[in-house]
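Q: Next come a sequence and a model predicted from it.
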Amino acid sequence: KAGVTQTPRYLIKTRGQQVTLSCSPISGHRSVSWYQQTPGQGLQFLFEYFSETQRNKGNFPGRFSGRQFSNSRSEMNVSTLELGDSALYLCASTVLGTDTQYFGPGTRLTVL
Amino acid sequence: GIQVEQSPPDLILQEGANSTLRCNFSDSVNNLQWFHQNPWGQLINLFYIPSGTKQNGRLSATTVATERYSLLYISSSQTTDSGVYFCAVDGAGGTSYGKLTFGQGTILTVHP
């Protein structure tokens, strides 16, 4: 089976712009979680989607949003980018009936 | 929320040495995973181990859920074992959909 894929792998944006990141889970996995990793804060949970519904959300401002499509692919969007949004964004998928999360390679976002 | 502490923060070894990484958590968990983050940022699953003991080659892990800690053992370390090791947990109770709380990680450096 193919693993979790994320696109793009690298992204450079300027302050004030918006960005959309994509995550395709492992085939058959219906839960997708998103995380932000920074040197200062470590790995922090953003949100989780299952069957196109957001079931859980971390402590991030409303500029961070997401959605999930009927094929379980997920996108996250960050509007009005700030310098502090520079980070590695990771998504993970989980198969129903287990708790094991499998991570994608991440998208490295740089905000200038 | 649940707290996760990893020790030591840094570990430097010579190739062939053995090591033990520790993860303490502050509450009951349903899920505990150990990950290795490679230099490119990808989180690689090592173990899903909310309780008990598992072994995979030179790596093994033990979680004592009643005492709220987990240990990751690396034997006969190799330079390719270098990287950051993370412990991540979710809280028990059924409302932590897709959310893992990560420790700050242990940075392992193995010298030839």
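A: Cool, got the structure. Numbering: from 1, shown residues only, chains lettered A, B, ... in the order given.

Q: excluding its backbone neighbours, what's nearest residue 17?
A: By default, I'm working from chain A. Among residues not flanking A:Gln17 along the chain, A:Leu81 sits closest, at 5.2 Å (C-beta to C-beta, 6 or more residues apart in numbering or on different chains). Bear in mind the C-beta positions are built from the backbone N, C-alpha and C, glycine included.

Q: if you could check chain B rather than the one you did, that'd help
A: B:Ser77 (5.4 Å).

Q: Would you quantify the distance from the residue nearest to A:Gln17 to chain B?
A: 20 Å (C-beta to the nearest C-beta, to the nearest Å).

Q: Quick check: that residue touching A:Gln18?
A: Yes. A:Leu81 is within contact range of A:Gln18, at 6.7 Å (criterion: C-beta atoms under 8 Å).

Q: Of those two, which one has the most company?
A: Ranked by neighbour count (other C-beta atoms under 10 Å in any protein chain shown), A:Leu81 and A:Gln18 place A:Leu81 first, with 19 against 11.

Q: In contact with the more buried one, which residues?
A: Applying C-beta atoms under 8 Å, 6 or more residues apart in numbering or on different chains, one finds that A:Leu81 lies in contact with A:Lys13, A:Thr14, A:Arg15, A:Gly16, A:Gln17, A:Gln18, A:Val19, A:Val111.

Q: repeat that for 6 Å
A: Neighbouring residues of A:Leu81 by C-beta atoms under 6 Å, 6 or more residues apart in numbering or on different chains: A:Lys13, A:Arg15, A:Gln17, A:Val111.

Q: what do you get for B:Ser70?
A: Counted by C-beta under 6 Å, 6+ apart, B:Ser70 has contacts B:Cys23, B:Leu32, B:Thr63.

Q: Could you pick out the buried ones from the residues you listed?
A: Among the contacts of B:Ser70, those classed as buried by 16 or more other C-beta atoms under 10 Å in any protein chain shown are B:Cys23, B:Leu32, B:Thr63.

Q: Write down the beta-bridge partners of the second one, one by one.
A: Which is B:Leu32. Under DSSP bridges, the beta-bridge partners of B:Leu32 are B:Val89.

Q: what bridges to the residue of chain A found nearest chain B?
A: Relative to chain B, the nearest point of chain A is A:Glu48 (2.9 Å; C-beta to the nearest C-beta). Here A:Glu48 sits in beta bridges with A:Ser33, A:Asn56, going by DSSP bridges.
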